[in-house]
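Chemist: Fold the following, please.
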Amino acid sequence: MTLRQRKYFGTDGIRGKVGVFPITAEFFLKLGFAVGRVLGKESSGKVIIGKDTRISGYMFESALEAGLSAAGMDIQLLGPMPTPAIAYLTRTHRAKAGIVISASHNPFSDNGIKFFSSDGLKLPDEVEFAIEEELDKPIETVNSAKLGKATRIEDAPGRYIEFCKSTIPNKVSLSGMRIVVDCANGASYHIAPYVFAELGAEVIELNVDPDGFNINENCGSTNPMPIQRMVTATKADLGIALDGDGDRVLMVDHQGEILDGDDILYIIARYYFQKKKLSGGIVGTIMSNMGLEHALQKLGLSFVRANVGDRYVLLELQKQGWLLGGEPSGHIVWLRSTTTGDGIVSALQVLSAMFETKKSLHELKQDLQKYPQVIKNIAISEGSNPLLSPALQKAVKESEILLQQKGRIILRPSGTEPVLRIMVESEDLDKVNSIAKKLADIASLL
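Modeler: The predicted model follows:
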């Protein structure tokens, strides 16, 4: 049996450079119509549309709105909202689907689109295939009496703020804490600071002035140096760094040290395990540190690796019947509260652990001893596959022998940009650095 290949959809929607097919206004118009046709076959309904803060979001929002309306679907517009908020509001508004216009952690010159089903999960494969089939057909606008209407949900930020606060116990207070919150000039700029402030924290806002062009620009979870400096300069208790669409989070302790998704996942897992609210195991990815696996096993929790991407983490959680999983990049999925990665909710779970244990963030991370790990991103040409290179394959085999089964080497093309990601991990830092350099040097010549 041959697997059916998608024509447009990737592992997490469609993403690329604005103005380059398929990230064009014409394609989004057709896509909106195709989505409306597929979702409207059983009955009429509404679709929710949200976006991040990049300038092209206006254009694509309008194109999608026109296409959906032409297919007879009503539209509810959210404006700039975090990706997990759109998943949540799609469920609570009983919408047929939620649409996110975002390129996540990419620069403003990129954009993309992803979808949530009515239950806040990623669209099933069969629906994506049906949408792709409709894209090849001409637009045939419904009768004027059946055109869809567009309205705006004005109180969406407030609803989501209240939801976030509801994911931790009422007794948890952040009073007396000073927290730096970096919103990456993205979709959380008018959400995240209020969540933590309403729970009692003194909030120092960072990168909350989006202009359409500065999203993810030297800030947020992909560039944590500014928040590290701000935390130490203001003597804050910790920092919370989100990405452009708010589904990732990294944290910074009072000493300016970064906690990545592995650290955050471990703290949450241990917290709920000790409260007897977590059993079974944890899902990570092939990029998760070996130290995380070992630390979880010491607690008595199983650990399974999925492919990179919160979509695959979620699929593995559903397969195992477990509740918690995540990635080093900061995607954390906690199925008791969310259906997708949620940066704000993940940070709140860590803060709840701090409140109940009376420990600092720095103290909570100490039991996780991570292996030295180096990741190098090597630019590659579109469509190329350096993994097929005999020279690179030979170098990997030689390096694996050198590690003597006491480390890992992962090479994978990025799913979001034209780069080859090289990850080397071992107990021996010198070996890690030398092997990573060797592989990167070879890959850069391909």
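
Chemist: what's the host helix or strand of Glu65 packed up against?
Modeler: Using DSSP states H and E, Glu65 falls within helix 57-70. Using 3 or more C-beta pairs under 8 Å, 6 or more residues apart in numbering; DSSP states H and E as the contact test, the elements touching helix 57-70 are helix 25-39, strand 46-51, strand 74-80, strand 97-101, strand 110-117. (Glycine included, C-beta is placed from N, CA and C.)

Chemist: what angle separates it from strand 97-101?
Modeler: Following axes from the mean of the first three to the mean of the last three C-alpha atoms, to 10 degrees, one obtains 150 degrees for the angle between helix 57-70 and strand 97-101.

Chemist: show me the contacts for the spatially most central residue of the chain.
Modeler: For the chain, the residue nearest the mean C-alpha position is Asp247 (4.0 Å; C-alpha atoms, centre = their mean). Asp247 makes contact with 82-84, 104, 310, 331, 340-343 under the criterion C-beta atoms under 8 Å, 6 or more residues apart in numbering.

Chemist: give me that answer again for 10 Å
Modeler: Applying C-beta atoms under 10 Å, 6 or more residues apart in numbering, we find Asp247 in contact with 82-87, 100, 102, 104-105, 187-188, 221, 310, 329-333, 338, 340-346.

Chemist: Then Lys17?
Modeler: Contacts of Lys17 (C-beta under 10 Å, 6+ apart): 23, 103, 106-107, 109-112, 417.

Chemist: for Gly200, same thing?
Modeler: Contacts of Gly200 by C-beta under 10 Å, 6+ apart are 172-177.

Chemist: need those residues in a markdown table with secondary structure, can you?
Modeler: Converted to a markdown table, these look like this (DSSP: H, G, I helix; E, B strand; the rest coil):
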| residue | secondary structure |
| --- | --- |
| Val172 | coil |
| Ser173 | coil |
| Leu174 | coil |
| Ser175 | coil |
| Gly176 | coil |
| Met177 | coil |
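
Chemist: Could you tell me which of those count as buried?
Modeler: Neighbour counting over those (16 or more other C-beta atoms under 10 Å) leaves 172, 174, 177 as the buried ones.

Chemist: The helix or strand encompassing Pro193: which residues count as buried?
Modeler: Taking DSSP H and E as the criterion, Pro193 maps to helix 192-198. For helix 192-198, a neighbour-count test (16+ other C-beta under 10 Å) marks 192-197 as buried.

Chemist: Can you tell me which of those residues lies closest to Leu364?
Modeler: Closest approach between those and Leu364, by C-beta to C-beta: Phe196, at 17.5 Å.

Chemist: Read off the pLDDT value for Ser279.
Modeler: At Ser279, the model reports a pLDDT of 85.

Chemist: Can you tell me the closest non-neighbouring residue to it?
Modeler: Phe273 (7.8 Å; C-beta to C-beta, 6 or more residues apart in numbering).

Chemist: Kindly provide the distance from that neighbour to Leu296.
Modeler: Using C-beta to C-beta, to the nearest Å, we find Phe273 at a distance of 9 Å from Leu296.
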